[in-house]
Each structure stands twice: as C-alpha cells, then as structure tokens.
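Asks: okay, predicted coordinates and the sequence, questions at the end:
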Amino acid sequence: MVKKFFYLNILFLIALLNTVIAQPQGEKLFAEKCKACHTVGEGRLVGPDLSNVYQRRNEKWLINFIQSSQSLINSGDPDAVAIFSEYNKIIMPDQPVSAIEIKSILDFIAANSPDASNPNQRTPAQIFSATSITQIDIERGKALFEGTIKLTNGGAACISCHSVANPAVFTGGLLAKDLTNSFSLLTAAGIDGILRNPPFPAMNNAYGLHQLTDQEIKDLLAFLDYVDNKGVVQISGLISESYLLIGLLLMINLTAGLLLIFWNRVKKTSVNK
Amino acid sequence: MAFYNNFFFTVLPYVAIIIFFIGIVYRFRAVKFSYSSLSSQFLETRKLYWGSVPFHWGIIFLFFGHLIAFLVPGYILLWNQQPLRLAILELTAFTFGLMTFIGLINLFYRRLTNARVRKVTNYVDIFLEVILLAQIFLGLWIAVGYRWGSSWFAIVLSPYLKSIFTLNPQIDAVAMLPLVIQLHIILAFIILLIIPFTRLVHLLVFPLSYLWRPYQKVIWNWDRKKIRNPQTSWTLHKPRNN
C-alpha cells in the first residue's frame, strides 16, 4: 500500500513536472516555429488555424507532417495532399524539431484550443503569453503598479498595499503580500482570476466597483512575470532612496521650522525690560 | 472571533458615538465651568512649551489628515499617484506623528514631575495620557510596519467608516486587518467615548484665536514710569498697580 502510494506520487510528480516544463517550451517553440503562419483559435493565416488539430489528425501523422510535409504529400497521403491543395499549394518548410518537441507544441495547442462546450472560457495563452510581451507592456504594468498611470476605472494603485523586491520599482506598501514571486506561486491564470474577482475583502473594496480592464490586467501580468522571472528586458526605474532622502530633509526642516516659529513668539523676558 | 469583530467594529463605534453625544451635552449642562483644557500654564510654563506646542501642532495635523482621508479618499489616492508625492505625504505625516509623540511624552513627564502641576492632576488625566501615548505609538508603528497607510486608509478604512455612519456596517475588510491596526481603530473609538469625561472636551470649545494670539497679554492701565520703585518709600499715595 505504501509502495503503491509512493509510486503514484512519483508518477504524479513526473506528470506535474512534465506539464510545468513542457508548457513553456511548447509555447516558446510555437512562437518560434509556427506562429508566423498559424494561430490557435484566431483564424487561418498562411496555414490553417491549429485549434483542436489533435482531434482531427493522430499524433503520428502530425509529427510526420510537421517534420517533413513534402515527404508526406509526395507519398500520396490523401489528408496531406488535400491540405496542400486547400492552402494554395504553398509548401510548409521542413521543421528541424524532434518528436518530443512536437509533442510539447501539441500540448500547448491542446491547452489553448477553444473549448466548444464552453466558448466563454479563456485559454491560458489568451490570459497571458510570455512570448508576446514587450518592454512597453512591462513598463506600462510597472506604471500601473506604482500608480503613475491611473487605472481606467479609478481603482487604487497596487503599491498602496503591495510591494515587489526590485530596485527599479518604488518601495511598496506592507499591508498585503509581497508580490515578487506571485507569478510563479499563483500562475497567470490565478492572478488574472484574483484581479477580476478579488476574494479578499480589502481588495474587493478597492476593485469591486472599479474593475480593471483586460489591457490593464495583461500589463500587470507582464510586469509581475518580469519581477518574478527577471527577464532579459531592463526596465527603467526611479531611485527610491533619493525620494526618501528628500522626504527626510523635508521632515527635519518642517519640525525645526515649526518649533522655531513658535519659540520666537514665546515670551522669554520680563515685560518690564 | 466573529463575536469580537462584531463587538469591537460594530457595537463599540455606536456605543462610543452615542455616549460621546450624550456626554458632551450632559457635561455642558451640569459642569459648564470645567468645559476647558484646565490649563496649568500659570503653574509651569517653560516645560509646557516643549510639550504643548509639538503635541498640539502634531495632533491637529494628524486629526485633519485622518479626517480628509475619510471624507475625500479619492483625492488622497490622486495625490499619491506620484511616488514622490506619496513619500512626501507619508514622511510629513510621520514627522507630525513623532512630534505628537515626543510632545506628549514631555507633557506627561512635566505632569508627573512638577509638584504644582501634580497637585492639579487626577487619575483620569493619567489614564488619558497613557491611552493617547498608546494610540500615537500604535499609529507610528502602523506607519512604519504597514506603510503607505495614507493609500490603504482610503481603500479599507474610509469605506468602513462610511458604512458606520450610513448605519450599514461592513466589517469584512477591517476584520482581516493586522492586530496593530485593529487596536488603533478600537482605541480611537475608546478615545471618542471618553472625551466627555476628560479634559479632551476642550477640543470642542477651543477658542480659534488661540492660534494667533500672544500667549499672555499684559496691559498697563497707566504710565509705567510713574510706578514706584519698591526700594523707595511711599511718597503720597499708595500706587494702585504696585
């Protein structure tokens, strides 16, 4: 019994590890190899829309076609020939990808294909796609986080309660959790869900009547992904220390000034002098 | 837990508000003469300066700061939109908090050590000083430990206070706050409750001219030069002002 439990756990862990590792790799490969001509659920480009492609063709066929479509067409495979004719006989170049890599791409396509039974459900790639974010998205996310760009519907800036450990970002609030590692802890879908329907009362106060827009959520996800994964993009930041120093000088100045003004008005000698 | 939350954040505020209003009216009708700060400046004035001035300027700023954040939270968030402005507001408020705290310690020290002032001190004064010290200490703790209070006050506490005044208490968010902040809120209501029973009533009747009038006005009714030198003897009539 213990052994079975142990083996099951190992299997579960492997499966989990597999999805964790495979998912980003599949997304990355899709962006590198396929995205120029194909979409998942956004209609045909040069090549067909690949949503639910694994339901239309078996895996072996797909691997063969992706690795060398021309070989399959030349061998007279009727499906391959039909697609070739349908898409104006434009040759799909042979892709130097292994069967394992193709499987990871197929996993990505499977995870992001629209579900016919639940058309309103958004796919992971619709929520957040690491390959499509740019420096501008991250910068905008940072500005929304810090509050320098106002949220469209008037919600409070994240920095009011949250902080992230990043030298480019202004020191954040301490009332709620530090969000430095939120992206890996909660995943994009988790953060997206929290931002749309905050389960925490204080956050619900802030955003319940001031919903964030889709674009704002995407920008914030891009920013949180950046601070978590420390991407190669460098974002420009303000120097928090200088702000605190200015504040400190003001503080000393203010106290001394007030006390001096009032000291000046205090009667220090006898009125007879 | 739900019981405590309901008691401290729903029942206590209303009890405090009701006792406050009944109390101030009753005291005004019963002992009108005591409706003041019962100043002890005549008994001791030097040390008073280093306590009273920092304390009062600090507490006035803090009081209005909290009031503005409650009344117009949106404007506070608008101001805090720029990190520099946020830093300035927070540090300024913290400075006034420190001033209040130091001023109150000075006042407390003076009250305990000066024999004359001690004579006119009662237990309620001591109780009040302790409770105010605790409240300001908690406020400073919150400013440091749960920073950017000016922003989250607008998000969490303004809606809560508004819900109290609109007779529809929403305590979900307040119940989730850290204990330090909850204590600060509870003490605030307790202070409101004890206002009618302490020298704090003076905040309802303080003369506004105190802000700019000289501390002491000495008026000579006739020529000072004609005053007799005490070392000389009487001349003809005893001077009336000496």
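Replies: Structure's in. What do you need?
Asks: what about B:F21, neighbour count?
Replies: Per other Cβ atoms under 10 Å in any protein chain shown, the neighbour tally for B:F21 reads 11. (C-beta placed from N, C-alpha, C; glycine too.)
Asks: quick one: it from chain A, how far?
Replies: 28 Å (Cβ to the nearest Cβ, to the nearest Å).
Asks: for B:L204, see how far away that residue is.
Replies: Noted for B:F21: a distance of 11 Å to B:L204, by Cβ to Cβ, to the nearest Å.
Asks: and if you look at B:Q135?
Replies: Looking at B:Q135 against B:L204, where the rule is Cβ to Cβ, the gap reads 19 Å.
Asks: with neighbour numbers in mind, choose between these two.
Replies: B:Q135 (20 against 12).
Asks: okay, helices next: where are they in the stretch 151-273 of chain A?
Replies: For the stretch 151-273 of chain A, the helices defined by DSSP state H, counting those that start in this stretch cover A:182-196, A:201-207, A:214-229, A:240-265.
Asks: relative to helix A:182-196, how tilted is the third one?
Replies: Counting by axes from the mean of the first three to the mean of the last three Cα atoms, to 10 degrees, helix A:214-229 points 160 degrees away from the direction of helix A:182-196.
Asks: just put the helices of the stretch 151-273 of chain A in a markdown table and tack on distance to A:G173 and mean pLDDT.
Replies: Output for the helices of the stretch 151-273 of chain A, formatted as a markdown table (distance: least, Cβ to Cβ, whole Å; pLDDT from 0 to 100):
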| stretch | distance to A:G173 | mean pLDDT |
| --- | --- | --- |
| helix A:182-196 | 15 | 86 |
| helix A:201-207 | 11 | 85 |
| helix A:214-229 | 15 | 89 |
| helix A:240-265 | 13 | 72 |
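Asks: which among those is found nearest to A:G154?
Replies: A:G154 lies closest to helix A:201-207 among these, at 9.8 Å (Cβ to Cβ).
Asks: any buried residues in the closest one, and which?
Replies: A:201-203, A:205-207 (16 or more other Cβ atoms under 10 Å in any protein chain shown).
Asks: do stretch B:11-30 as well
Replies: For stretch B:11-30, by 16+ other Cβ under 10 Å, it's B:12-13, B:16, B:19-20, B:23-24, B:27.
Asks: for the residues you listed, which one is nearest A:Q55?
Replies: Closest to A:Q55, out of all of the buried residues of stretch B:11-30 and judged by Cβ to Cβ, is B:P13, at 60.5 Å.
Asks: summarise which helices and strands the one helix or strand that closest one maps to is packed against.
Replies: Taking DSSP states H and E as the definition, one finds B:P13 inside helix B:12-30. When contacts are defined as 3 or more Cβ pairs under 8 Å, 6 or more residues apart in numbering or on different chains; DSSP states H and E, helix B:12-30 sits against helix B:179-194.
Asks: the helix it packs on packs against which elements?
Replies: helix B:12-30, helix B:123-145.
Asks: give me the contact list for the longest one.
Replies: Yep, that's helix B:123-145 we're talking about. Taking contacts as Cβ atoms under 8 Å, 6 or more residues apart in numbering or on different chains, the residues outside helix B:123-145 that touch it are A:174, B:62, B:90, B:93-94, B:97-98, B:100-101, B:104-105, B:107-108, B:111, B:149, B:180-181, B:183-184, B:187-188, B:190-191, B:194, B:197-200.
Asks: so among these, which ones count as buried?
Replies: A:174, B:62, B:90, B:93-94, B:97-98, B:100-101, B:104-105, B:107-108, B:111, B:149, B:181, B:183-184, B:187-188, B:190-191, B:194, B:198-200.
Asks: gap between the closest residue to B:F101 other than its chain neighbours and chain A?
Replies: Of all residues not flanking B:F101 in the chain, B:I136 sits nearest, at 4.8 Å (Cβ to Cβ, 6 or more residues apart in numbering or on different chains). Taken as Cβ to the nearest Cβ, the spacing of B:I136 relative to chain A amounts to 15 Å.
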